[in-house]
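Engineer: Starting from these lines, generate the structure:
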Amino acid sequence: MTLNLWGDLSDPKKARILQAALKVFAEKGYAEATTRAIAAQAGMANGLLFYHYKDKETLFLELAKHLRKVVVEQLSKMVSENSGFYERLAFLVEQKLGLCACYPEVYQFFLIQLRQFPDQYRKQGREIRSLTSLRQELWDDGIQSHRILLSALDGLVADLIERFYAGAVTAEQLIERGCAGAEEYIGFFRKLEQA
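Structural biologist: Presented below is the predicted three-dimensional model:
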């Protein structure tokens with residue numbers, strides 16, 4: 001997964017602030033991050049940060065909006081290549097693991113967003129699932145096996161990511177094992193559906 005995180009920002013000062021905010025929020029979490037630390041990371045005075053963003057929450061939510069846009073655009077470019085239901089599921093697993101492995105600060109930021117601003121995070125998840133047409137297929141079709149499969153894939157991904165952050169697996173192993181596990185689960189559920 002390759003993301004151009006800051007290329008579409010026309011204001012270089014805002015880009016510097018958002019880059020610094022991502023680093024500080026990912027390292028310290030929302031509660032412990034301060035605007036002073038973000039300004040220092042960006043190499044600017046605290047007042048300049050407040051010129052662009054009125055407070056820490058506004059900055060956090062603007063960063064969340066920006067990162068969501070980048071991730072959704074990336075997925076939208078690639079999702080058409082994965083037309084079937086199971087292919088889209090495998091694709092999303094691979095992308096989630098790739099995001100964690102290649103952009104750990106972005107992944108950590110999304111986890112912080114989930115804890116701190118769950119409503120905005122759920123909205124982001126709905127946008128991504130609707131983009132891939134999975135939301136309707138998973139929840140509106142009434143097929144219980146799809147819900148079980150999604151839970152199994154979530155568990156697989158969570159376990160591997162925990163191992164990655166503990167240093168038990170490398171980034172390459174994270175993606176390789178995750179994709180292999182997802183293929184195995186999906187294959188099992190495909191067989192169930194055909195029986």
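Engineer: Spatially nearest residue to I161, not counting backbone neighbours?
Structural biologist: Once flanking residues are discounted, I161 sits nearest to C100: 5.3 Å by Cβ to Cβ, 6 or more residues apart in numbering. In short, each C-beta sits where N, CA and C put it, glycine included.
Engineer: what's the spacing between that neighbour and A195?
Structural biologist: Applying Cβ to Cβ, to the nearest Å, one obtains 34 Å for the distance of C100 from A195.
Engineer: Next: H52.
Structural biologist: To A195, H52 is 58 Å away according to Cβ to Cβ.
Engineer: what are the ranges of the helices in this protein?
Structural biologist: Remark: helices assigned in the chain by DSSP state H are 12-32, 35-42, 46-52, 56-79, 85-102, 104-116, 118-131, 134-139, 144-165, 171-194.
Engineer: Those helices: which one's closest to L3?
Structural biologist: helix 56-79 (5.6 Å; Cβ to Cβ).
Engineer: So which bits of the closest one are buried?
Structural biologist: Buried residues in helix 56-79, defined by neighbour count with 16 or more other Cβ atoms under 10 Å: 56, 59-60, 62-64, 66-68, 70-72, 74-75, 79.
Engineer: For that helix, the averaged confidence score.
Structural biologist: In this model, helix 56-79 carries a mean pLDDT of 85.
Engineer: Counting by contacts, list what that helix packs against.
Structural biologist: If you count contacts as 3 or more Cβ pairs under 8 Å, 6 or more residues apart in numbering; DSSP states H and E, helix 56-79 packs onto helix 12-32, helix 35-42, helix 85-102, helix 104-116, helix 118-131.
Engineer: No more questions from me, cheers.
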